[in-house]
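> Dropping a prediction and its sequence here:
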Amino acid sequence: MTRYLLGRAAQSVLAVFGVMAIVFVVMRLSGDPTLLLVPEGATREQVDALRAQLGFDRPIPVQFADYLWTLCRLDLGESVVQRLPVWRIVAERIPYTGWLASTALAISVGIGIPVGVATAVWRGTLVERALMPLVLVGQSMPTFWSGILLIMLFGVGLGWLPTSGADEWRSVVMPAIALGGLSMATFARITRTSVMEELGKDYVRAIRAKGVARPVVVLRHVLRNGAIPIVTIAALEIANLLAGAVIVETVFAWPGMGQLAVQSIQARDFMVVQAIVLLVSIAYVLLNFVADILYGAIDPRIRLRGGPR
Amino acid sequence: MRFLRSALAAPGAAAVAPFAVLLLLFALVALLAPWIAPLDPARQSLLARLRPPGTTMGAATFWLGTDELGRDLLSRILHGARASLAVALLSVAVSGTLGTLLGVVAGYRRGWVEVAIMRAVDVMLSIPAILLAIITVAVLGPGFLNLVLVLGFTRWPRYTRVAYAQTLGQAGLPYVTAARLAGARAPRLLLRHVLPNIAAPLVVVATLEFGLMILFEAGLSFLGLGIQPPMASWGSIMSTGRNYVGTAWWIATFPGICLFLLVLSVNICGDHLRDRFDPRAALR
């Protein structure tokens, strides 16, 4: 188990390092990162001064080493536009994105997993035929389109829910549904596949033959054995929800990290954009690591053999 | 061709057929947009601002209404299909070619090449794709070409994974040894002999990616980072429509319906191909 965990931890560290390297390269794709950071209409002297101040005139390897060293000290730099530490600008927004993403996750898991189980258990019946379109629609609806539809229906049409902002608990309902739709479909599909695969195995027949009721078999045995793909997907989906928040937060003027990212691009505040990409990617790597640990907890075979598959 | 024929003969093809036809229809609209669009999609008219669907003004009828600048929505939507499919097609071509080449090379060469490429895949897959696209477009600037390049150069890892695994599986087969003994060098061996044998699963990945690329184009254009005005894109039309949901519902609604139907038909056709060529996935 220790070896398994150490191996996974090393992989995660490598991935975080790789993410930092990619962001570093992307920021330099335009040739001169200084030009991204100066306000429009800056004079030549101002640009040169900023370049020297930020150290962009040094050799690339030196810049890279300095960049990594700064990040390792958990320093995200300073926003050139707002003259504030990036960390403070981003931190204000994190709770809002957390609130939105966790509500969306609750909705997608709460609907997706039962739908997946139901369509697998009642395969070929009316239940499956009634629920599968829900999955297909969820999978093909862009978040901003379901968001706009919800606004039209419940915001403008019926006037039940606020159409923008995050002032009260009702504000989160529509953005969370729009954001969670795609994840809901993914959870339903994965659960369905996993449960169907398990249902065909010998142990299910054996337990059934023993006289255990079907619901008990599904809930206590099949779901536990089929949980590994669901846990993997859950880690992936949380990251997708954080990333998808960029668009949903723009639709609903939700004051989270996603809206901040878009506003920062418009304001040419690239230090903030870079910080958001780094934070979400690192969260994603960490979530995958947690999923790896959970495998071991769910399935003892992995603890012994080291790694799924 | 054999690939297509067996896809059409598969069980369940009848249920998929309407969506395949719909997909074809979208492709036709995209190709013929300049000729079938009733009006110039970029022509503005202050007098015709925000007219509801079916308004007739002089010689022009706005079947789907007009936008905030008095442009004909129907014509803009038809032209938007062009942007959507062109970006998706080109970016899938770029990422598919790049990803396949890297995967095949990693699977055949092994050693440090394999380690380097597959580690790069792991890292690329640990940055949420939409965020990577957003920051890259923001750095390089928006626009059609940059959109294609960004999507093309960020979406290759999935093809690499599949091509790599498939090539590993093929490398030990007798025909590879035979071709090598016959004197075929690596490029010829991989492109002429291995590639045709691993094409089916790659086509499946490409189909699923195609639907995703349509969503990415629309999403980035919605954020103002994709197709730039005066060019029409469903995403950017809908971002205007968001501001007028209370007064001009048609602006967001019609492109939204088109986007949904297009992605739905791509997904259904893609699922069908996958069930057909990946028997293990048929359960899904």
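Perfect, I can see it now.

> average pLDDT for the helix or strand harbouring A:V23?
A:V23 is located in helix A:2-27, with elements delineated by DSSP states H and E. What helix A:2-27 shows for mean pLDDT is 84.

> which strands and helices sit next to that helix?
On a contact count with 3 or more C-beta pairs under 8 Å, 6 or more residues apart in numbering or on different chains; DSSP states H and E, helix A:2-27 meets helix A:60-72, helix A:270-298, helix B:111-125, helix B:129-140. Yep, even glycine has a C-beta here, placed from its N, CA and C like the rest.

> if we go to 6 Å?
With contacts taken as 3 or more C-beta pairs under 6 Å, 6 or more residues apart in numbering or on different chains; DSSP states H and E, helix A:2-27 sits against helix A:270-298.

> So which bits of the helix it packs on are buried?
For helix A:270-298, burial by neighbour count (16 or more other C-beta atoms under 10 Å in any protein chain shown) applies to A:270-282, A:284-285, A:287-289, A:291-292, A:294-296.

> Which ones among those residues also lie next to chain B?
When these are filtered against chain B using C-beta under 6 Å from any C-beta of the partner chain, the residues retained are A:273, A:277, A:280-281, A:284-285.

> Not counting stretch B:87-94 itself, show me its contacts.
B:147-148, B:151-152, B:206, B:209-210, B:213-214, B:217 (C-beta atoms under 6 Å, 6 or more residues apart in numbering or on different chains).

> Okay, and which of the residues you listed map to helices?
B:147-148, B:151-152, B:206, B:209-210, B:213-214, B:217 (DSSP state H).

> what stretches of chain A score poorly on pLDDT?
Flagging of chain A using pLDDT under 70 yields the residue ranges A:1, A:301-309.

> which one's the longest helix in it?
The single longest helix within chain A, with elements called by DSSP H, is helix A:86-121.

> That one to helix A:270-298, inter-axis angle?
Using axes from the mean of the first three to the mean of the last three C-alpha atoms, to 10 degrees, the inter-axis angle of helix A:86-121 relative to helix A:270-298 is 40 degrees.

> Flag every residue of chain A that's near chain B.
Counting by C-beta under 6 Å from any C-beta, the positions of chain A adjacent to chain B are A:15, A:18-19, A:26, A:29-30, A:139-140, A:142, A:144-145, A:148, A:151-152, A:156, A:193, A:196, A:239, A:243, A:247, A:262, A:265, A:273, A:277, A:280-281, A:284-285.

> Do I have it right that A:F144 meets A:V251?
Yes: A:F144 lies in contact with A:V251 (C-beta atoms under 6 Å); the separation is 5.1 Å.

> Please report the distance of the residue of the stretch 101-250 of chain B found nearest chain A from A:V13.
Nearest residue of the stretch 101-250 of chain B to chain A, counting by C-beta to the nearest C-beta: B:V123, 3.0 Å away. Applying C-beta to C-beta, to the nearest Å, the value for B:V123 to A:V13 is 12 Å.

> who has more neighbours, those two?
Applying other C-beta atoms under 10 Å in any protein chain shown to B:V123 and A:V13 shows that B:V123 carries more neighbours, namely 21 against 12.

> Just give the closest residue to the more buried one, not the sequence neighbours.
A:G18 (3.0 Å; C-beta to C-beta, 6 or more residues apart in numbering or on different chains).

> my guess is the one you found contacts B:D122, does it?
No: shown here, A:G18 and B:D122 do not form a contact pair, counting by C-beta under 6 Å, at 7.5 Å.

> Name the residue in those two with the higher neighbour count.
In this view A:G18 and B:D122 are compared by other C-beta under 10 Å, and A:G18 has more residues nearby, 19 against 16.

> For the residue lying closest to A:Y67 once chain neighbours are set aside, give its distance to A:L71.
Spatial nearest neighbour of A:Y67, excluding adjacent residues (C-beta to C-beta, 6+ apart): A:F24 at 5.7 Å. Applying C-beta to C-beta, the value for A:F24 to A:L71 is 10 Å.

> How about B:G270?
B:G270 is 39 Å from A:L71, by C-beta to C-beta.

> do the same with A:V248
Relative to A:L71, and taking C-beta to C-beta, A:V248 is found at 28 Å.

> Compare those two (neighbour count), which wins?
In this view A:V248 and A:L71 are compared by other C-beta under 10 Å, and A:V248 has more residues nearby, 29 against 19.

> Which residue is the nearest non-sequential neighbour of that one?
Excluding its sequence neighbours, the residue lying closest to A:V248 (C-beta to C-beta, 6+ apart) is A:L179, at 4.5 Å.

> And for A:A261?
A:I276 (4.7 Å).

> now do B:L101
Closest to B:L101 by C-beta to C-beta, 6+ apart is B:A163, at 8.0 Å.

> Tell me, what's the model's pLDDT at the one you found?
Confidence at B:A163, expressed as pLDDT, is 92.

> The one 3 residues further on now?
Per-residue confidence at B:Q166 stands at 88 (pLDDT).

> neighbours around it, how many?
With other C-beta under 10 Å as criterion, B:Q166 counts 22.

> Assign it to helix, strand or coil.
helix (DSSP: H, G, I helix; E, B strand; the rest coil).

> and it, how far is that from A:T193?
21 Å.

> try B:A30
34 Å.

> tell me, how many neighbours does the closest residue to chain B within the stretch 101-250 of chain A end up with?
Going by C-beta to the nearest C-beta, chain B is nearest to A:A243 of the stretch 101-250 of chain A, at 3.4 Å. Using other C-beta under 10 Å, A:A243 is surrounded by 26 other residues.

> Good, wrapping up.
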